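Visitor: Need the 3D shape of this:
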Amino acid sequence: MALAVVRAQPTFPPPPRYKPTIAASHPVVRAIPPGGDAVARLAARLARGDLTLPPEASGDARLAAVLAALEVSPESQVLVFSRTSVQAAHISPSRPRAVYFADDVYVAHVPGTPDVEIIAVDPLRGPRFYELADVAGPGVPATTEACLRCHHGPNTAGVPGVYVGSVVPGPSGAPLRDDSAIITDLTTPFWERWGGWYVTARRGEPRTRANAVASSPNAPDALVREVPRNIATLHHFLDPRQYLRPTSDVVALLVLEHQTQVTNLLTRVAWQARLVAAGVARADAPDGLDHDVADLVDALCFAGEEPLPAPLEGSGEFARAFAARARRDADGRSLRDFDLSTRLFRYPLSYLVDGAQFRALPAGVRADVLARLRRVLSGELAAPRYEHLTPEVRTAIRAVARATMPDLAAEW
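Guide: So this is what the prediction gives:
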């Protein structure tokens, strides 16, 4: 098949506005007690002998066992071939790193390697980083700080976190230009997204940096593509038998972008609230708690979400697995219902408001977040970025929230 050279936008955008880093060594942060995360619960099962994992030598079998133990669906698989992780030496376009996720846990693995990396969200402390290393005993997860070089700082709202990055990769997967690398979320223009990632879709795939490399650092905006968009499987690029699924689902990647942004902001708001309560930070300071609460509410309401240019369809399996976790109202509606015609979700209030991390926010700041959400969903707080929240949509969101999350304030 002839190669197609696609010219992306001729210039790169300015970097997004990053948040100042909060040091994990701050006494107030260090004093946050553990709230228990998915890996901590897994370790307890291993210690009791309720569960065993395959040995390190069988990394691929270990991956499947870890996903099952953590209740992470293999359908969430997305593949990243850019060399931008601690596994960079093992990653290439023909052997990308597989990422799997549920609401509060992320698992990564490169086929043929013994390592299984896990990020688990502690509802009080935020994301915690683990690897399966037999030095701690067969199949026992051990904490690691190696990932924090990239996962605690500007990339992650200034706290330990998770992110989706987009680069302009060369033929080996190594980024060609540092100034083209960005962190993406649902507000990012599609033409900037998913550089270094594979994407599969049945229809409606927007034009992005995905599935492509740049052959020359002198022309990094010229991405060389071997196949058209809307491919159903990855056999064009690699041997999919290396992976649990032959896909890197576009809908899963969209959900991952949203989820990582909200998770990071929840962590930041929780940390900032404790700093304010301890008297070492002001809520109304620039980049302070009040600003972070506003950013969190915007992310929860999908403010500024880039519209889909056409109706989108992934493989279908991820969407079904994701929706299976839904709590529904009497009319069968849920915050996990996809739209995929013009936006990601039918009822744009994040499903993460029903998660352990949101519920664990310090009481005062949780009340502030809910109060601001009420103002947005009542129409009292109006702005162009909320235009997608029509009166009909706002009414439906409040009804679904009241029916499925009884701990919310009655005035919702």
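
Visitor: In the lengthiest helix in the chain, which residues are buried?
Guide: Longest helix of the chain, by residue count under DSSP state H: helix 250-277. Buried positions in helix 250-277, judged by neighbour count with 16 or more other CB atoms under 10 Å: 250-276. Glycine gets a C-beta too; all of them are placed from N, C-alpha and C.

Visitor: how about the strands in this structure?
Guide: Assigned by DSSP state E, the chain shows strands spanning 4-7, 78-80, 97-102, 105-109, 117-122, 126-132, 141-143, 164-166, 182-184, 213-214, 222-225.

Visitor: Now render these as TSV, adding mean neighbour count and distance to S315.
Guide: Listed next are those as TSV, based on neighbours: other CB atoms under 10 Å; distance: least, CB to CB, whole Å:
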stretch	mean neighbour count	distance to S315
strand 4-7	11	24
strand 78-80	27	11
strand 97-102	23	14
strand 105-109	24	19
strand 117-122	24	24
strand 126-132	23	27
strand 141-143	16	30
strand 164-166	23	19
strand 182-184	22	21
strand 213-214	24	24
strand 222-225	17	20
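
Visitor: closest to L408 out of the ones you listed?
Guide: strand 117-122 (21.1 Å; CB to CB).

Visitor: so what strands line up beside that closest one?
Guide: The pairing partners recorded for strand 117-122 under DSSP bridges are strand 105-109 (antiparallel), strand 126-132 (antiparallel).

Visitor: okay, those in JSON lines with mean pLDDT and distance to E192 next?
Guide: Shown next, in JSON lines, are the strands paired with strand 117-122 (pLDDT from 0 to 100; distance: least, CB to CB, whole Å):
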{"stretch": "strand 105-109", "mean pLDDT": "96", "distance to E192": "22"}
{"stretch": "strand 126-132", "mean pLDDT": "92", "distance to E192": "24"}
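
Visitor: I would like the residues contacting stretch 293-306, please.
Guide: 185-190, 258, 261-262, 265-266, 268-269, 343-345, 348-350, 352-353, 365, 368-369, 372-373, 376-377, 383, 385-386, 388-389 (CB atoms under 8 Å, 6 or more residues apart in numbering).

Visitor: How is the chain partitioned into domains?
Guide: 4-242, 250-404 (automatic domain parsing).

Visitor: so which of these comes closest to W412?
Guide: domain 250-404 (5.0 Å).

Visitor: Quote the end-to-end distance of that closest one.
Guide: 27 Å (CA to CA, to the nearest Å).

Visitor: where does the protein dip in pLDDT?
Guide: For the chain, residues meeting the criterion pLDDT under 70 lie at 1-17, 56-59, 133-140, 220, 409-411.

Visitor: Tell me where it has helices.
Guide: Using DSSP H, helices in the chain cover 27-30, 38-48, 59-70, 148-151, 250-277, 289-300, 317-323, 356-359, 363-378, 391-404.

Visitor: winner for burial among the ones you listed?
Guide: helix 250-277 (a mean of 24; mean count of other CB atoms under 10 Å).

Visitor: how about the closest residue to A283 other than its chain neighbours, what does it touch?
Guide: Leaving aside its sequence neighbours, A283 sits nearest to L289 (CB to CB, 6 or more residues apart in numbering; 4.0 Å). Counting by CB under 8 Å, 6+ apart, L289 touches 269, 272-273, 275-276, 281, 283, 365.

Visitor: how near is L289 to I183?
Guide: 22 Å (CB to CB, to the nearest Å).

Visitor: about what we covered before: which one of the strands paired with strand 117-122 lies nearest to P54?
Guide: Nearest to P54, of the strands paired with strand 117-122 and by CB to CB, is strand 126-132 at 9.9 Å.

Visitor: The closest one versus helix 250-277: what angle between them?
Guide: Interaxial angle, strand 126-132 versus helix 250-277 (axes from the mean of the first three to the mean of the last three CA atoms, to 10 degrees): 120 degrees.

Visitor: so how far is strand 126-132 off the chain centroid?
Guide: Computed by CA atoms, centre = their mean, to the nearest Å, the separation of strand 126-132 from the middle of its chain amounts to 15 Å.
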